[in-house]
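Q: Have a look; sequence and predicted model below, questions after that.
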Amino acid sequence: MPSDALDVGDAADEAAHAYASAMATAPESLTSRYELGVDTVDGREVIPTVTDTGRHTAGTSEFTVRVDPDNVGVMLRRTFDYAWPDQRAEVSVAEDLPGARFEAAGVWYTAGSNQCVYSNPATELGVGERTIQTSNRRWREDEFLIPRRFTERRRAVRIRVRHAPVARPLVPDGPARERAWSEFRYRVYSYVLPGA
């Protein structure tokens with residue numbers, strides 16, 4: 001069941017969720033598409049562009065979200081800019097009380113980016129090419145499951161997301177690109193058993 005949502009980059013919504021990220025950029029706008037198919041068919045747009053405002057950080061983000069107290073676990077869904085490669089963060093959860101201690105809940109890792117290596121040799125055993133292609137599709141969504149021991153019988157929890165990058169180049173001898181954690185929206189879903 002949907003239980004909350006945070007619109008990163010919206011000052012009022014950030015304040016309502018006690019969002020804090022000391023190293024985050026100022027809100028930045030992105031207009032792009034999701035990877036859902038072709039842009040147009042017979043001159044008619046079928047996959048529209050989406051514009052939203054968010055941030056990226058090389059540090060830590062914290063925010064408070066509401067959950068259903070009858071939950072048996074919670075799912076976070078993040079909307080982000082897939083142009084930042086190999087986004088990885090350590091997620092911790094605390095009770096929404098002053099001084100509550102954060103506990104590690106796991107690693108949130110989204111491999112890859114909107115860049116890929118393309119090769120199409122002329123023959124089956126031909127010499128491989130190494131053409132780096134960049135897609136114009138930058139929107140992506142990904143989920144992170146929070147076990148029930150962090151959320152059960154709570155009406156709200158504090159989430160800490162700490163950027164923990166891995167520096168892997170796209171190709172073995174290539175340069176490692178700059179890394180960051182991108183966040184535009186977080187949607188929160190509480191798992192509730194039928195009849196609860």
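A: That came through, no problem. Numbering: from 1, shown residues only.

Q: the helices in this protein, which residues?
A: Secondary structure of the chain by DSSP state H: the helices cover 11-16.

Q: who are the neighbours in contact with the most centrally placed residue in the chain?
A: The residue at the geometric middle of the chain, judged as the C-alpha nearest the mean C-alpha position with C-alpha atoms, centre = their mean, is Arg78 (3.9 Å). In this structure, Arg78 makes contact with 108, 141-144, 183-186, judged by C-beta atoms under 8 Å, 6 or more residues apart in numbering. All C-beta spots, glycine's among them, are computed from the backbone N, C-alpha and C.

Q: Also Arg168?
A: Taking C-beta under 8 Å, 6+ apart as the definition of contact, the neighbours of Arg168 are 85-86, 176.

Q: Among these, which one has the most neighbours?
A: Of all the contacts of Arg168, the most densely surrounded is Pro85 (23 neighbours; neighbours counted as other C-beta atoms under 10 Å).

Q: Go ahead and confirm that one touches Pro169.
A: No. With contact defined as C-beta atoms under 8 Å, Pro85 does not count as touching Pro169 (9.2 Å).

Q: list residues touching both of those two?
A: Overlap of the contact sets of Pro85 and Pro169 (by C-beta under 8 Å, 6+ apart) consists of Arg177.

Q: Bridging across strands, which residues link to the residue nearest to the centre of the chain?
A: According to DSSP bridges, the residues that bridge with Arg78 are Asp142, Tyr186.

Q: Looking at the contacts of Arg78, which is nearest Gly128?
A: If you rank the contacts of Arg78 by distance to Gly128 using C-beta to C-beta, Asp142 comes first, at 30.1 Å.

Q: What about that closest one, how many residues nearby?
A: By other C-beta under 10 Å, neighbour count at Asp142 equals 14.

Q: Next, the contact list for it, please.
A: By C-beta under 8 Å, 6+ apart, the residues touching Asp142 are 77-78, 80, 108, 110.

Q: Over to Ser32?
A: With contacts taken as C-beta under 8 Å, 6+ apart, Ser32 has the following neighbours: 49-50, 81, 136-139.

Q: Can you flag the buried ones in those residues?
A: The neighbour-count test (16 or more other C-beta atoms under 10 Å) applied to the contacts of Ser32 identifies 81, 137-139 as buried.
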